[in-house]
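**Student:** model this:
(4 chains)
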Amino acid sequence: MVTLLYFAAAREKAGISSERLELPAGATVGALLEVVRARHPALAEVLPRCRIAVDQAFTGADATVPDGAEVALIPPVAGG
Amino acid sequence: MVTLLYFAAAREKAGISSERLELPAGATVGALLEVVRARHPALAEVLPRCRIAVDQAFTGADATVPDGAEVALIPPVAGG
Amino acid sequence: MTTTRRARLLEAPLSVDACVEAVKHAGAGGICVFIGCVRDHTLKDTSAGPQSTVAVVKLDYEAYAEMAEKVIDGIVHDAEARWPGVRGFVQHRSGTLTIGDLAVVIACSAPHRAEAFAACRHVIERLKEDAPIWKREHGEDGVTWVGLGP
Amino acid sequence: MTTTRRARLLEAPLSVDACVEAVKHAGAGGICVFIGCVRDHTLKDTSAGPQSTVAVVKLDYEAYAEMAEKVIDGIVHDAEARWPGVRGFVQHRSGTLTIGDLAVVIACSAPHRAEAFAACRHVIERLKEDAPIWKREHGEDGVTWVGLGP
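**Tutor:** The predicted structure follows:
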């Protein structure tokens, strides 16, 4: 199980701020994103512009998602 | 008559913070400095390192000192 | 400072004084502070034609708070390592802000001013790139997530 | 701001908040503040050999107050002209200061941060060159006028 977090525009498009998903062992960030894309067609436009954080650190698409991880979709940021 | 102001190291060396001097009409800043040098031998070392302000604006040695002017010796500054 | 944490996300108004106090110490000759405020206008990205100015009424700041504090803390520690003698502290706001409210306060002290300025500038630039914080502008032309474009 | 005067020489403790308030307005997205503090050591100029560090106990700031306000006011107005949209304000202390006391506070606001940083840095550099203000350090090796050398 992993916990997915949606923020800002991603949260609005997905219509939820978090959900829990079962992933095959050894699944990559890229594979997780395919699952997300299939579950939330409304995210299609925002998803390619998101960075991904696994356990609060930015991560590439090839990284493996550990079981129990907290994975966040990070749309373009605008702090400061 | 002009008013001369001494600050910081110049004030300490001259032993006074201000004095009034009679100058010939048309006297330059350079001529005034010669008078000051003669009156205050203790200023010999500091004087070449001072800038001069006439009526609160930095001025070159060739400028004429107007009657009634306020002339200040400005040793190396250290504000901020 | 008795803590090594260099960043706070706050729902309440920020304090410039608190940030300055967090970095002040006997060896600090200069402190550079950057304050980001909500201003009354923004540049609108338009797909065609020149940028135009749009009035802003208020902003909602949303943050992935725990990660944002971690990211900003890392940025400040990085600045402290790049410019030896620097000490930094950041407060960032979340929630709804109106014109003039402080969105971020960054304070960096150093023995000399050049390092204080450089570190402060570095922190705001990196924060804007990487801190997981978003803003939604309520402007005269509707509500938009800043940075997502039209 | 109801006055156009951009500089104050004060015998009393400086206020960062007052300087920030003086430059804050609805169009100001960024404010850069520089605070100069009395630190516990100074670099000693030595005619031979490398610079060494000397402990400082307190400082006396002496100012040609009227001219100093005029000079700093001119520097701030110059910065406002160089970087359009900038608004600046400066407080400078005079009298006797001890470690940690604020000697100068410079605040510059601008629509965007680059101009706020640039203007603030410009003001402190020019102030240090031209403002008729002197300091006498009471250090472990006696009393010296800073800038006059050994």
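**Student:** Setting aside sequence neighbours, what's the nearest residue to the residue in chain A that chain D sits nearest to?
**Tutor:** In chain A, the residue that lies nearest chain D is A:Gly80 (8.2 Å; CB to the nearest CB). Any C-beta I mention is one placed from the backbone N, CA and C, and that applies to glycine too. Beyond its immediate neighbours in the sequence, the residue positioned closest to A:Gly80 (CB to CB, 6 or more residues apart in numbering or on different chains) is C:Lys128, lying 4.4 Å away.
**Student:** Isn't the one you found up against A:Val77?
**Tutor:** Yes. Assessed by CB atoms under 8 Å, C:Lys128 is found in contact with A:Val77 at 7.4 Å.
**Student:** ok, those two, which is more surrounded?
**Tutor:** A:Val77 (24 against 17; other CB atoms under 10 Å in any protein chain shown).
**Student:** Name the SS class of the residue nearest to A:Gly80, please.
**Tutor:** Per DSSP: H, G, I helix; E, B strand; the rest coil, the secondary structure class of C:Lys128 is helix.
**Student:** all helices of the chain, in order?
**Tutor:** Because you didn't say which chain, this covers chain A. A:8-14, A:29-39 (DSSP state H).
**Student:** sorry, should have said chain C
**Tutor:** Counting by DSSP H, the helices of chain C are C:16-23, C:65-82, C:113-130.
**Student:** so what does the last one touch, helix or strand wise?
**Tutor:** Yep, that's helix C:113-130 we're talking about. strand C:30-37, helix C:65-82, strand C:87-93, strand C:102-110, strand D:30-37, helix D:113-130 (3 or more CB pairs under 8 Å, 6 or more residues apart in numbering or on different chains; DSSP states H and E).
**Student:** give me that answer again for 10 Å
**Tutor:** Here helix C:113-130 touches helix C:16-23, strand C:30-37, helix C:65-82, strand C:87-93, strand C:102-110, strand D:30-37, helix D:113-130, going by 3 or more CB pairs under 10 Å, 6 or more residues apart in numbering or on different chains; DSSP states H and E.
**Student:** Would you mind confirming that the residue nearest to A:Gly80 makes contact with C:Gly36?
**Tutor:** Yes. Judged on CB atoms under 10 Å, C:Lys128 makes contact with C:Gly36 at a distance of 9.0 Å.
**Student:** Quickly list what's touching both of those two.
**Tutor:** Shared contacts of C:Lys128 and C:Gly36, defined by CB atoms under 10 Å, 6 or more residues apart in numbering or on different chains, are found at A:Gly79, A:Gly80, C:Val104, D:Arg113.
**Student:** any chance of these in TSV, with neighbour count too?
**Tutor:** TSV is the format used below for the shared contacts of C:Lys128 and C:Gly36 (neighbours: other CB atoms under 10 Å in any protein chain shown):
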residue	neighbour count
A:Gly79	28
A:Gly80	23
C:Val104	25
D:Arg113	21
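**Student:** Could you tell me how far the residue nearest to C:Arg136 when sequence neighbours are not counted is located from C:Glu115?
**Tutor:** Leaving aside its sequence neighbours, C:Arg136 sits nearest to C:Asp60 (CB to CB, 6+ apart; 4.5 Å). Using CB to CB, to the nearest Å, C:Asp60 is found at 35 Å from C:Glu115.
**Student:** Ok, C:His138 next?
**Tutor:** Distance from C:His138 to C:Glu115, counting by CB to CB: 39 Å.
**Student:** These two - which one has more neighbours?
**Tutor:** Taking other CB under 10 Å, C:His138 and C:Glu115 do not tie; C:Glu115 has more neighbours (21 against 14).
**Student:** Was I right to think that one contacts C:Pro84?
**Tutor:** Yes. In this structure, C:Glu115 is within contact of C:Pro84 by CB under 10 Å, at 7.9 Å.
**Student:** Model confidence score at residue 36, please.
**Tutor:** Since no chain was named, I'll use chain A. Note on A:Val36: pLDDT of 97.
**Student:** could you do chain C instead?
**Tutor:** At C:Gly36, the pLDDT value in this model is 98.
**Student:** Which residues are in contact with the closest residue to C:Val33 other than its chain neighbours?
**Tutor:** Of all residues not flanking C:Val33 in the chain, D:Val33 sits nearest, at 4.0 Å (CB to CB, 6+ apart). By CB under 10 Å, 6+ apart, D:Val33 lies in contact with C:16, C:20, C:31-35, C:105, C:107, C:120, D:16, D:19-20, D:23, D:89, D:105-109, D:116, D:120.
**Student:** How about the residues of chain A by chain C?
**Tutor:** A:5, A:7-12, A:17, A:45-46, A:49, A:51, A:53, A:55-58, A:70, A:72-80 (CB under 10 Å from any CB of the partner chain).
**Student:** looking at it, C:Arg82 is touching C:Cys108, isn't it?
**Tutor:** No. With contacts counted by CB under 10 Å, C:Arg82 stays clear of C:Cys108, the gap being 11.1 Å.
**Student:** the more surrounded of these two?
**Tutor:** It is C:Cys108, of C:Arg82 and C:Cys108, that has more neighbours when counted by other CB under 10 Å, with 31 against 12.
**Student:** hmm, back to that, tell me, what's touching C:Arg82 and C:Cys108 both at once?
**Tutor:** Listed as contacting both C:Arg82 and C:Cys108 by CB under 10 Å, 6+ apart are C:Glu115, C:Ala118, C:Ala119, C:His122.
**Student:** Out of those, the closest to chain B would be?
**Tutor:** If you rank the shared contacts of C:Arg82 and C:Cys108 by distance to chain B using CB to the nearest CB, C:Glu115 comes first, at 15.4 Å.
**Student:** Tell me which residue is most central in chain A.
**Tutor:** Among the residues of chain A, the one closest to the centroid is A:Leu73, at 4.0 Å (CA atoms, centre = their mean).
**Student:** For it, which residues are in contact?
**Tutor:** For A:Leu73, the contact set (CB under 10 Å, 6+ apart) comprises A:4-11, A:13-14, A:33, A:36, A:40, A:43, A:46-47, A:49-53, C:64, C:132.
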